[in-house]
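Chemist: how would this look folded up:
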Amino acid sequence: MSPRYVLPLVTLLALGSTGVAHAQSEPPAEPPAEWGVTAIDFSNVPYPYPTEFLDVEVYGNQLRMAYMDVAPTGTPNGRTVVLFHGFNFAGYAFGHTMSILSEAGFRTIAIDRLGFGRSSKPIMHYNFHVPARNTQRLLDHLGIEQAAILGHSQGGMVVSRFAMTYPETTSHAIFVNQIGMSDGRPGREWNEPSYSRSRPTPQQYYRQVLGSQLRYYVQGWRPEYLQWVEAPYGLIFSGEFDRWMEVRGLLGQAMSEDPVVYDWQHISSKALVIGGADDPLSRDFAADARRVAESLQNAELLLYPNVGHNPQFEHSDQFHADLIRFLLSDPDEPADQAWRSSSWGR
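Modeler: Modelled structure (predicted):
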């Protein structure tokens, strides 16, 4: 399927996912006064659906992995979708997507990977084998033999490892603005995982967390994005803030120590590489995405102009329509190859 140029660029700049103009706004310069402490286990962070836990053992540690498991509210289609969040999110950020997929008849599972959200946050060595194996354990526990696996941002790296390792379990693999699309190790000396032990002020940390969100969008800030700042910001007031920062450093190290670029050629599942073509996190996301699609054995490429790192928020209606269309496709049929004749990424 070819990329869409539905409206002139000047119009797209002012439109949201539904084609309705959004008034440009700015995030507050100071954190709202009503914001409070966030518990390191996110127990006081609202989740869109009830949370369940799977007991897992990693390196001899007894841990808990949190997940939401939502049954279809529309006519069930017998299919399951597993969602992996990105580095600056947790499973709760998939609430809107879970609602849409549930209405479309899918059973939908969103996982908090170890180190994130309501899951355990051990000080340990992290890689992408750990969440892949834990997810397979969860699916076994739930009696699910096959599922579509979707990952956003760093979650796309988990999809890469899972789909390569468990091809019989993976009906569809979806990569939403994946990061880690190159191996940055050649020519670079390895360094130990590190984090700043100098505690920032609340104002400094607010700017840091807010800045990580601001860089995701190309159509301007919307007030609803502030919710993704509140939960991590509140950890600055937690007595376990130092452990949170150390775990973050270890999780970040996995991206450089455990590249997934060599996984793609071994992924046989039907795949969709999808996202905002103008992702500010990449120098040329369109070219990077095309390279991923070309490396996969059976992939469709679908990019949206003037959309950034989070198409599920910034371009929601079209993104979810395209996602459902792909999820309903026959996993044994070839993926749409129309993108090969387009100019994306060339």
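Chemist: just checking, residue 228 touches residue 88?
Modeler: Yes. Between residue 228 and residue 88 there is a contact under CB atoms under 8 Å: 7.2 Å. (Glycine included, C-beta is placed from N, CA and C.)
Chemist: neighbour-wise, which of those two wins?
Modeler: Comparing residue 228 with residue 88 by other CB atoms under 10 Å, the one with more neighbours is residue 228, at 21 against 18.
Chemist: For the spatially closest residue to that one that is not a sequence neighbour, what is the enclosing helix or strand?
Modeler: Nearest non-adjacent residue to residue 228, counting by CB to CB, 6 or more residues apart in numbering: residue 213, 5.5 Å away. Taking DSSP states H and E as the criterion, residue 213 maps to helix 202-214.
Chemist: So what touches that helix?
Modeler: The contact list for helix 202-214, computed with CB atoms under 8 Å, 6 or more residues apart in numbering, reads 27, 30-31, 88, 200, 221, 225, 228-229, 232-233, 236-237.
Chemist: Count residues in the vicinity of the residue lying closest to residue 124 once chain neighbours are set aside, would you?
Modeler: What sits nearest to residue 124 in space, not counting adjacent residues and going by CB to CB, 6+ apart, is residue 59, at 5.6 Å. The tally of other residues near residue 59 (other CB under 10 Å) stands at 9.
Chemist: Please report the distance of residue 252 from residue 290.
Modeler: Distance, residue 252 to residue 290, by CB to CB, to the nearest Å: 26 Å.
Chemist: Residue 92 now?
Modeler: Distance, residue 92 to residue 290, using CB to CB: 32 Å.
Chemist: Can you mark which positions in the longest helix seen in the chain are buried?
Modeler: Ranked by residue count and defined by DSSP state H, the top helix of the chain is helix 241-257. Using 16 or more other CB atoms under 10 Å as the test for burial, helix 241-257 gives 241, 244-255.
Chemist: Could you pull out the buried residues of the helix or strand following it?
Modeler: Counting by DSSP H and E, the element after helix 241-257 in chain order, helix or strand, is strand 270-276. Under the neighbour-count criterion of 16+ other CB under 10 Å, strand 270-276 has 270, 271, 272, 273, 274, 275, 276 buried.
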